[in-house]
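*Asks:* have a look; sequence and predicted model below, questions after that.
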Amino acid sequence: MHAITQSGWVEVISGSMFSGKTEELLRRLRRAEIAGQSVAVYKPAVDDRYGETTIGTHNGRQWDATVVDNEGDGPLEIVDADPAAEVVAIDEANFFSDALVEVCNALADRGVRVIVSGTDQTFRGEPFAPLPQLMATAEYVDKLRAICTVCGEPATRNQRLIEGEPAHVDDPTILVGAAESYESRCRDCHVVRTGEREERPGRRA
């Protein structure tokens, strides 16, 4: 906590997929652990890509985490889950409801260092709540960039692919996936299909 005010703060690590957000989150957690600080890590129930009770990076690094219901008031469980924690980390914040903003501010007001990681844009290139709200109220914000898979420029957007083709604008906002469903793209190379949707054999509505 801050030495004078005795308050905590909120750090947000954001950016496109494959930009190293979770890797940076784990780096900060390792430093906190080396410093002897008590750490608590949370992840949304919807994301089980790296195991049900772990957060992980695309290159295989992992950390044990407590699973929290990401919908409705589910995130409120985090506030009192580990009162002794000096550092609270929350991965994939974009999957949580807006209640996460209240959670982060309540923890910071209590003197906790809160580290939040998540992508700030949907596959459409629109703000992905609650990240914009968290970025606005946080003390520290780092927006990371990946490399565009098409042109090699810095990438800030998530390109969703369905059977190798850009997703349609009407597709669901949340689709948990990794390299099989997403690429990092720059503004110019990012594509969202509009117009009449083409039905594919075996496609579920």
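*Replies:* Great, that's in hand.
*Asks:* alpha carbons only for contacts and neighbour counts from here, please
*Replies:* Will do.
*Asks:* count of neighbours near Met17?
*Replies:* If you count neighbours by other Cα atoms under 10 Å, Met17 ends up with 28.
*Asks:* wait, what's in contact with it?
*Replies:* Met17 makes contacts with Thr119, Ala146, Arg157, Asn158, Tyr182, Glu183, Ser184, as judged by Cα atoms under 8 Å, 6 or more residues apart in numbering.
*Asks:* beta partners of the third one?
*Replies:* Going back to what we said before, that points to Arg157. Here Arg157 shows beta-bridge partners Arg185, assigned using DSSP bridges.
*Asks:* ok, and for the biggest helix by length in the chain, which residues are buried?
*Replies:* With secondary structure taken from DSSP state H, the chain has its longest helix at helix 21-34. For helix 21-34, burial by neighbour count (16 or more other Cα atoms under 10 Å) applies to Lys21, Thr22, Glu23, Glu24, Leu25, Leu26, Leu29.
*Asks:* would CSV of those residues with pLDDT and distance to Ala106 be doable?
*Replies:* Listed next are these as CSV, based on pLDDT from 0 to 100; distance: Cα to Cα, whole Å:
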residue, pLDDT, distance to Ala106
Lys21, 94, 23
Thr22, 91, 23
Glu23, 93, 25
Glu24, 96, 23
Leu25, 95, 20
Leu26, 94, 23
Leu29, 95, 20
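*Asks:* going by distance to Gln62, which of those wins?
*Replies:* Closest approach to Gln62 among the buried residues of helix 21-34 (Cα to Cα): Leu26, at 7.9 Å.
*Asks:* I'd guessed that closest one sits against Trp63; true?
*Replies:* Yes: applying Cα atoms under 8 Å as the test, Leu26 and Trp63 come out as touching, 7.4 Å apart.
*Asks:* and Glu126, how many neighbours?
*Replies:* By other Cα under 10 Å, 10 other residues sit near Glu126.
*Asks:* for it, phi and psi?
*Replies:* Per-residue torsions, Glu126: phi -100, psi 160 (degrees, to the nearest 10).
*Asks:* how near is it to Arg193?
*Replies:* The spacing between Glu126 and Arg193, counted by Cα to Cα, to the nearest Å, is 14 Å.
*Asks:* and Ala35, how far is that from Leu29?
*Replies:* 10 Å.
*Asks:* cool, and Val112?
*Replies:* In terms of Cα to Cα, Val112 sits 14 Å off from Leu29.
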